[in-house]
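[1] Predicted model follows, preceded by the sequence.
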Amino acid sequence: MTKILNYAGVALDRMSAQRRDQAWVSAQLSDPGTWVAPVWRGHNLIGAPASRQSLPQAVFLSGAAAQTAMRDAATVVLLGLDGDTAYAAVDLSDHDENAVAAFTDSGGFEDLRRVGALMAGPDGAILAYARGMIHWHQKHRFCGVCGAPTDNQD
């Protein structure tokens with residue numbers, strides 16, 4: 001039996017040719033159909049299983065909740081597109097537990113290393129990608145060569 005690695009393939013097109021076009025990026029981020037993966041202090045938003053037999057689920061925000069999260073986030077990263085649906089990651093780490101409670105009505109922020117292997121592969125891969133990109137943006141705010149602020153467009 002072949003074991004499939006949950007994080008082995010993110011099916012998102014990073015849209016490398018378009019992502020330098022700030023108007024295009026802004027249009028993707030302001031689209032109410034954009035799905036947003038919130039990250040809080042290195043944890044992803046995970047839906048509580050409905051029963052002991054059900055698996056943890058990724059929680060993506062859309063519509064007004066996504067726009068609120070993007071407005072309140074320290075960092076917003078456009079991850080890419082899956083078909084016509086854009087995915088973004090937001091960093092809410094600057095907020096305390098009370099401030100992020102508005103996003104946790106369908107679950108809670110969990111360490112992906114604890115629940116990721118139990119999740120459906122594509123959703124777990126997107127959450128891992130979101131967490132990784134937020135971590136990179138947190139740790140690489142300045143160029144290691146010249147000290148200038150990094151351009152967070154890519």
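    Perfect, I can see it now.
[2] Quick one: the helices in this structure, in order.
    Using DSSP state H, the helices found in the chain span residues 22-30, 63-72, 97-100, 112-115, 121-139.
[3] Nearest to residue 57 among these would be which one?
    Closest to residue 57 of those, according to Cβ to Cβ: helix 121-139, at 7.0 Å. Placement of C-beta: from N, CA and C, glycine included.
[4] in that closest one, what's buried?
    121, 123-134, 137 (16 or more other Cβ atoms under 10 Å).
[5] I'd like the mean pLDDT over that helix, please.
    Model confidence over helix 121-139, given as mean pLDDT, is 92.
[6] Mind giving me the packing neighbours of that helix?
    Helices and strands touching helix 121-139, by 3 or more Cβ pairs under 8 Å, 6 or more residues apart in numbering; DSSP states H and E, are strand 35-40, strand 43-47, strand 57-58, strand 75-82, strand 85-91, helix 112-115.
[7] That one vs strand 85-91, what angle?
    Angle, helix 121-139 to strand 85-91, by axes from the mean of the first three to the mean of the last three Cα atoms, to 10 degrees: 40 degrees.
[8] Can you show me the CA trace of helix 121-139 as CSV?
    The C-alpha trace of helix 121-139 is given here as CSV (Å, rounded to 0.1, in the frame of the first residue of the first chain):
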residue,chain,number,x,y,z
GLY,A,121,-4.5,16.1,2.3
PRO,A,122,-5.4,19.2,0.2
ASP,A,123,-6.7,21.3,3.2
GLY,A,124,-3.8,20.3,5.4
ALA,A,125,-1.4,21.2,2.7
ILE,A,126,-2.9,24.7,2.3
LEU,A,127,-2.8,25.2,6.0
ALA,A,128,0.9,24.1,6.2
TYR,A,129,1.6,26.5,3.3
ALA,A,130,-0.2,29.4,5.0
ARG,A,131,1.7,28.7,8.3
GLY,A,132,5.0,28.5,6.4
MET,A,133,4.5,31.7,4.5
ILE,A,134,3.4,33.6,7.6
HIS,A,135,6.5,32.3,9.5
TRP,A,136,8.8,33.3,6.7
HIS,A,137,7.3,36.9,6.6
GLN,A,138,7.7,37.1,10.4
LYS,A,139,11.3,36.0,10.4
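[9] the inter-axis angle of that helix versus strand 75-82?
    Using the same axes, to 10 degrees, helix 121-139 lies at 150 degrees relative to strand 75-82.
[10] distance between helix 121-139 and the chain's centre?
    From the chain centre to the centre of helix 121-139 is a distance of 6 Å (Cα atoms, centre = their mean, to the nearest Å).
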